[in-house]
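In: Using only what follows, build the 3D model:
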Amino acid sequence: MTHVINQGMAMYWGTSRWSSMEIMEAYSVARQFNLIPPICEQAEYHMFQREKVEVQLPELFHKIAACPPSPGHPSRCPPSNGYQWMKDKIVSEEGRRQQAKLKELQAIAERMGCTLPQLAIAWCLRNDGILPKLTSSIVHEVDSILGNKPYSKKDYRS
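Out: This next block holds a predicted model:
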């Protein structure tokens, strides 16, 4: 990647859905051999997938002084059996629990005068202070419904 960047074919490079250990290994090898390390990670991040972006990556990026991840969801190429994986996920026990939580979140979205997808996007952007409607009490209410807020020993966002 260093060659690609030095030739002007790219400005930087990053990873997509790598584990913290893989990112740290890539960073360490790049530094050891005087190469350009990855500077960003594209991680799956949404209301039901929080741990990596909210706890693991901030700790890692604090250690290696890289920029924090941007909320994003990499595209997923369907396996050879099409979208059966999605149907299996939806009809699973976990999928049913998530659907029940979505019904509860729908009430919050209606109260805010927005759609459920708009609430989900606002929730992902909540740390940027962009949306005044998404008050701390609403974030707390959403977190209570989801019941999956990860906790870190340190807060690296400040």
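
In: which residue ranges form the helices in this protein?
Out: Remark: helices assigned in the chain by DSSP state H are 2-6, 20-32, 51, 57-64, 84-91, 93-112, 116-124, 136-146.

In: who touches the third one?
Out: By that I understand helix 51. Outside helix 51, the residues within contact range by C-beta atoms under 8 Å, 6 or more residues apart in numbering are residue 150. Where C-beta positions appear, they are placed from N, C-alpha and C, glycine not excepted.

In: Quick check, residue 27 in contact with residue 64.
Out: Yes. Assessed by C-beta atoms under 8 Å, residue 27 is found in contact with residue 64 at 5.1 Å.

In: neighbour count winner among the two?
Out: Ranked by neighbour count (other C-beta atoms under 10 Å), residue 27 and residue 64 place residue 27 first, with 21 against 14.

In: which residue sits closest to that one in space, ignoring its chain neighbours?
Out: Nearest residue to residue 27, sequence neighbours excluded (C-beta to C-beta, 6 or more residues apart in numbering): residue 37, at 4.4 Å.

In: and the one you found, what does it touch?
Out: Contacts for residue 37 (C-beta under 8 Å, 6+ apart) come out as 26, 27, 30, 31, 64, 66.

In: One more: residue 63?
Out: Residue 63 neighbours (C-beta under 8 Å, 6+ apart): residue 24.

In: For residue 92, see how far away it is.
Out: As for residue 63, its distance to residue 92 is 36 Å (criterion: C-beta to C-beta, to the nearest Å).

In: which regions of this structure lie under the pLDDT threshold?
Out: 65-83, 127-132, 153-158 (pLDDT under 70).

In: do that again at 90, thanks
Out: Scanning the chain for pLDDT under 90 picks out the ranges 5-12, 20, 39-91, 95, 112, 114, 118-143, 145-158.

In: centroid residue for this structure?
Out: residue 45 (2.4 Å; C-alpha atoms, centre = their mean).

In: From residue 52, how far out is it?
Out: With C-beta to C-beta as the criterion, residue 45 and residue 52 are 7 Å apart.

In: what about the longest strand in the chain?
Out: strand 41-44 (DSSP state E).
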